[in-house]
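Visitor: predicted model, plus sequence, below.
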Amino acid sequence: MTAVDTAPPTAAPDDAAARLAAARSGLRVDRRRRRVRTSVVTSVLAVVAVALVVTALMLGDFPLAFRQVVDVLTGGGDDIARLVVVEFRGPRLVLAVLVGVALGVSGALFQSVLANPLASPDIIGVSQGASAAAVAALLLGGLTGLALSASALAGGLAVGLFLYAVAWRGGLAGHRFVLSGIGVAYACASVIGYVLTRSDVQEAQAALLWMTGSVAQADWPLVRLLGSTLAVLLPLVALVARPLQVLLLGDQQARALGLRPELVRAVVLGLGIALACAATAAAGPVAFVAFTAAPVARRLVGDGGLALVPSALVGLVLVLGADVVAQHVLPADMGVPVGVVTGAIGGPYLIWLMATLRARPA
Amino acid sequence: MATTAPSTPAAAHGAGDRPAPARADHRRLALALVLVVLALVAVTVASLAWGARQVDPGEVWRALVDPVAGNNDHSVVRNERVPRTLIGLVAGLALGASGALMQGVTRNPIADPGLLGVNAGASLAVLVAIAGLGISTTSGYVWFAFLGAAVAAVVVYGAAQVGWEGATPVKLALVGAAFTATATSVTTVILLTDRRALNEYRFWQVGSLSNRPLDVLVTLLPFVGVGLLLALASGRVLNALALGDDVARGLGQDVARGRALVVLAVVLLCGSAVSLVGPIAFVGLVVPHLARAVVGPDYRAIVLLSALLGPVLLLVADVVGRVVARPGEIEAGLVVAVVGAPVLVYLVRRSRTVAA
């Protein structure tokens, strides 16, 4: 553009070689620094997650010592401690962990493949579809338990399929998907509003409770169901992680590298929808987890990558931490569902993170 | 773009050496404006003439020009249909314009006017008024809603402004969504613990044009007026911002100041709208897409057309809600998404690319 930019070719050859070497080593250092930072962030998140797991198992009406919890987790412990950990606290804990991971990964997939920080399943219709179906099933059909979960799953998947049908035109176009999704989200919200204002206020409150998202209803069959679903979905996510990373470079570059962008996008979005639907069916649309996990993880890691594992860990820490707060910090008789606390903790944290960030977010 | 010489398109200004901001085709814009104004007149007439109670068109006219005291038809038209039509016009205008501004300033096609936390802040403030202070009239809610909206926008804009690079579009969107989540959490706690408050709040929350006293409209009119002037003046800024912050700076725009003025306009308009009719955000989301499909990417045209299309959509939704559920009615806030979502999906399917 200017004369200064085109100056280097006139410099002496050995000077240029030295500069190239310096640039290479600088790149290497930079790359190493990033890798170190990613693993530090991931390890810290993992440590926090383990600490939260142990804390969640210790606290409750029948407090356990740290030693007792560790004993049970390593296969020992007395009968009472084992009963408390495995039967009373286990299901709720594992459900919180699974829901956090599923929503965190789902949000990260959505936001990266659609290249829009607002495009998470709780904004573009999947959660609203699940909620509309569940609220209708709850208030009009009187369903509970697994039947309620099944209707939520059906609602979310129906929205997902509809969005595919609308956005598909010889491939999946991101902007069509996002915009149709938000239209569907508002339409579903209208259905929810209609049902809520036409029902008894007590029933409306029950529906509101479901829509906030809660892990209090956990039992082992539900946990096993969600666990086996994730055991299928998460390996598939790991398989598409690399193509997705390439896709972030842009459609043309991805095509040049031998990928079919439309196909990758379709598969990634399918996985994101499936994860969000599974988590929502089990625990309700736990607010803000899918939206916030990836932005937080990416700003902590700061290398411009996908950050799927950190996102999963942020989701886990958020849901589990929120559930610990909901159960043990807030008054027990309030029975606050976890979805209230995820928003109340995650919202201010994201604001604080954005306000204090020094480096350019990648 | 030159309005003359249509035979040589893009010959002279095809390859400029700097990116040119978008310009609207004047003839197309004029035609669109005429059609939208006609549609606006039509829905206004429909809103006065149709409702749960069947009133003869001649009787509607007499009610407006020569009312007879004690005539039930006349009192329905004058005391119910006229206020809700006027409120629909003003709220729709505010929502349409602020939606266009919001999508422009965040460069995000799925931004709605409530994105800065305006609707969530207003909702929380109204709920505090219901649960904490026992206020239960629509005119009592208004100032709480407006105050909540203003506080929310100040917090969001302030938090996005500090830190690296100031209030970038991504930061505005993320901080706004984060504030919304926080305020919604508090709202949910109150609703789950206070059944009486839930019972009143759920009806305010869906958004409706009915039973809004006219004096509320009069007090909010100055805010809408200032907001609208700012909105119409900010088209140039938005056109520059659409090219990216750096290019906008290169074109001589004061990016930070321009963005602050746009945000101020959004708060005045969307804050007034949510105070008047409740948190109806969808009008502001869908209408700019319709405007963009008609007049192209020039924000001066998009803002103007969105401001006129907003009341058309809102009043259509209100009239449909009155007619389909006779003798009861369905709130405009519920109908608007059901009417608007197919329009949005159609536009999206039709378009090749969406100018974000």
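Guide: Cool, got the structure.

Visitor: and the residue most central in space within chain B, what does it touch?
Guide: Centroid-nearest residue in chain B, with C-alpha atoms, centre = their mean: B:Leu95, separated by 0.8 Å. Neighbouring residues of B:Leu95 by C-beta atoms under 8 Å, 6 or more residues apart in numbering or on different chains: B:113, B:269-270, B:273, B:280-281, B:283-284, B:287, B:310, B:314. (Glycine included, C-beta is placed from N, CA and C.)

Visitor: for it, give its distance to chain A.
Guide: In this view, B:Leu95 and chain A are 13 Å apart by C-beta to the nearest C-beta, to the nearest Å.

Visitor: sec struct for that residue, please.
Guide: Three-state call for B:Leu95 (DSSP: H, G, I helix; E, B strand; the rest coil): helix.

Visitor: pLDDT value on it, please?
Guide: For B:Leu95, the model assigns a pLDDT of 92.

Visitor: ok, A:Gly145 next?
Guide: Value for A:Gly145, per-residue pLDDT: 77.

Visitor: could you do A:Gly304 as well?
Guide: For A:Gly304, the model assigns a pLDDT of 68.

Visitor: out of the contacts of B:Leu95, which is nearest to B:Glu331?
Guide: Ranked by distance to B:Glu331 (C-beta to C-beta), these are led by B:Ile280 at 9.1 Å.

Visitor: identify the residues contacting the closest one.
Guide: For B:Ile280, the contact set (C-beta under 8 Å, 6+ apart) comprises B:91, B:95, B:207, B:273-274, B:314, B:332-333, B:336.

Visitor: again, only using 7 Å
Guide: Contacts of B:Ile280 were listed using C-beta atoms under 7 Å, 6 or more residues apart in numbering or on different chains, and they are B:95, B:207, B:333, B:336.

Visitor: circling back to that earlier point, who wins for neighbours among the contacts of B:Leu95?
Guide: B:Ala273 (39 neighbours; other C-beta atoms under 10 Å in any protein chain shown).

Visitor: which residue packs closest to that residue, ignoring adjacent ones?
Guide: Distances taken as C-beta to C-beta, 6 or more residues apart in numbering or on different chains put B:Ala94 closest to B:Ala273, at 4.1 Å, once the chain neighbours are dropped.

Visitor: go on, A:Ile182?
Guide: Nearest residue to A:Ile182 in three dimensions, chain neighbours excluded: B:Ile110, at 4.7 Å (C-beta to C-beta, 6+ apart).

Visitor: who's in contact with that neighbour?
Guide: B:Ile110 makes contact with A:116, A:118, A:178-179, A:182, according to C-beta under 7 Å, 6+ apart.

Visitor: could you rerun that using 6 Å?
Guide: A:118, A:178, A:182 (C-beta atoms under 6 Å, 6 or more residues apart in numbering or on different chains).

Visitor: what's the closest of these to B:Ala248?
Guide: Closest approach between these and B:Ala248, by C-beta to C-beta: A:Leu118, at 21.5 Å.

Visitor: which of the three states applies to that closest one?
Guide: A:Leu118 ends up coil, using three-state DSSP.

Visitor: next one: B:Gly166
Guide: Once three-state DSSP is applied, B:Gly166 turns out coil.

Visitor: sorry, back to before: chain B: which of the contacts of B:Ile110 is nearest?
Guide: A:Ile182 (4.7 Å; C-beta to the nearest C-beta).

Visitor: element containing whichever residue of the stretch 1-150 of chain B sits closest to chain A?
Guide: Per C-beta to the nearest C-beta, B:Ile110 is where the stretch 1-150 of chain B lies closest to chain A, at 4.7 Å. Secondary structure from DSSP states H and E places B:Ile110 outside every helix and strand.

Visitor: any idea how far it is from A:Gly181?
Guide: 8 Å (C-beta to C-beta, to the nearest Å).

Visitor: how about the nearest residue to residue 284, chain neighbours excluded?
Guide: You didn't say which chain, so I picked chain A. Nearest one to A:Gly284, counting by C-beta to C-beta, 6+ apart, is A:Gly213 at 3.9 Å.

Visitor: let me rephrase: I mean chain B.
Guide: Distances taken as C-beta to C-beta, 6+ apart place B:Gly99 nearest to B:Gly284, at 2.5 Å, with adjacent residues excluded.

Visitor: my guess is that neighbour contacts B:Gly114, does it?
Guide: No - in terms of C-beta atoms under 6 Å, B:Gly99 does not count as a neighbour of B:Gly114; the distance is 9.3 Å.

Visitor: tell me which of the two has more neighbours.
Guide: Per other C-beta under 10 Å, whichever of B:Gly99 and B:Gly114 has more neighbours is B:Gly99, with 35 against 30.

Visitor: one step back: so what's the gap between the one helix or strand the residue nearest to B:Gly284 maps to and the chain middle?
Guide: Using DSSP H and E, B:Gly99 maps to helix B:82-106. Helix B:82-106 sits 3 Å away from the centroid of its parent chain (C-alpha atoms, centre = their mean, to the nearest Å).

Visitor: follow-up on the earlier one: neighbours of the residue nearest to B:Ala273, how many?
Guide: Counted by other C-beta under 10 Å, the residues lying close to B:Ala94 total 35.

Visitor: so how far is B:Ala281 from it?
Guide: Distance, B:Ala94 to B:Ala281, using C-beta to C-beta: 12 Å.

Visitor: now A:Val232
Guide: 37 Å.

Visitor: doesn't A:Ala218 belong to a helix?
Guide: No - assessed with three-state DSSP, A:Ala218 is coil; it does not lie in a helix.

Visitor: for it, what are its contacts?
Guide: A:91-92, A:95.

Visitor: give me phi/psi at it?
Guide: Backbone torsions of A:Ala218, given as degrees, to the nearest 10, read phi -60, psi 140.

Visitor: just checking, what packs against the helix or strand containing A:Arg242?
Guide: Per DSSP H and E, A:Arg242 falls inside helix A:220-247. On a contact count with 3 or more C-beta pairs under 6 Å, 6 or more residues apart in numbering or on different chains; DSSP states H and E, helix A:220-247 meets helix A:90-113, helix A:261-283.

Visitor: closest to chain B out of those helices?
Guide: Of all the helices and strands packed on helix A:220-247, it is helix A:90-113 that lies closest to chain B, at 10.4 Å by C-beta to the nearest C-beta.

Visitor: counting contacts, what elements does that closest one pack onto?
Guide: When contacts are defined as 3+ C-beta pairs under 6 Å, 6+ apart, helix A:90-113 packs onto helix A:220-247, helix A:261-283, helix A:289-301, helix A:308-324.

Visitor: need the next SSE after it, C-terminal direction.
Guide: helix A:126-139.

Visitor: from the chain's centre, how far out does that next one sit?
Guide: How far helix A:126-139 lies from its chain's middle: 20 Å, per C-alpha atoms, centre = their mean.

Visitor: wait, does it contact chain B?
Guide: No - applying C-beta under 6 Å from any C-beta of the partner chain, one finds helix A:126-139 separated from chain B by no less than 10.3 Å.

Visitor: for the nearest residue to A:Ala115 once chain neighbours are set aside, grab the count of nearby residues.
Guide: Among residues not flanking A:Ala115 along the chain, A:Gly174 sits closest, at 6.4 Å (C-beta to C-beta, 6+ apart). Counted by other C-beta under 10 Å, the residues lying close to A:Gly174 total 19.

Visitor: my guess is A:Gly174 contacts A:Val113, does it?
Guide: No - in this structure A:Gly174 lies outside contact range of A:Val113 using C-beta under 6 Å: 7.0 Å.

Visitor: can you list the residues of the stretch 251-362 of chain A near chain B?
Guide: By C-beta under 6 Å from any C-beta, the residues of the stretch 251-362 of chain A that approach chain B are A:288, A:295, A:340, A:343-344, A:347-348, A:350-351, A:354-358.

Visitor: look up how far B:Ala42 lies from B:Gln54.
Guide: Separation of B:Gln54 from B:Ala42 (C-beta to C-beta): 19 Å.
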